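Asker: Got a sequence here, can you model it:
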Amino acid sequence: MGEGTKIKVKLMFANTDTCKILEDVAMSTTVRAFKNRILNNEWPSSHELTTDQVQRIRLFVGGKELGGTDPQDGVTLADSKVPLGGEQVVVHVSPCQKSADNASPEKEQVKSSQCFCTLL
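Answerer: All right, here's what the predicted structure looks like:
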């Protein structure tokens, strides 16, 4: 299947019963562009996390992660060897939540030891 081929994708979002069908995903699409499309256009309003709370999303196809880190997200779906076969490709979407910005300074400081022993 060439890079100009379009596939049908079924998105299954973690922590929700929501599924979305995408009819026109080109195999020439980069993983990064596909993730951006999901986050910006396909994110379910019923999901417990809003798009503002999501740092990044992880995609899994056939038990393997699609892309991963930023350099790996630059490959196309064709180059990442998305397993084709059957009516549609099932993609599991797992969001990674942003960390809390308001971490208290007391928790970040290392507590000094209460031990006053001298090693000889």
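Asker: okay, CA-based contacts and neighbour counts for the rest of this
Answerer: Fine.
Asker: give the contact list for T76.
Answerer: T76 makes contacts with M27, S28, T29, T30, V31, as judged by Cα atoms under 8 Å, 6 or more residues apart in numbering.
Asker: pLDDT weak spots in the protein?
Answerer: Along the chain, the parts satisfying pLDDT under 70 run over 1-4, 86, 101-120.
Asker: Check it for its longest helix and report it.
Answerer: helix 31-37 (DSSP state H).
Asker: what about that helix, distance to the chain center?
Answerer: 9 Å (Cα atoms, centre = their mean, to the nearest Å).
Asker: do stretch 48-68 as well
Answerer: 2 Å.
Asker: what about the closest residue in space to Q97 that isn't next to it in sequence, how many residues close to it?
Answerer: Spatial nearest neighbour of Q97, chain neighbours left out: V54 (4.6 Å); criterion: Cα to Cα, 6 or more residues apart in numbering. For V54, the count of nearby residues is 15 (other Cα atoms under 10 Å).
Asker: ok so, going back, pull out the buried residues from the longest helix of the chain.
Answerer: V31, R32, F34, K35 (16 or more other Cα atoms under 10 Å).
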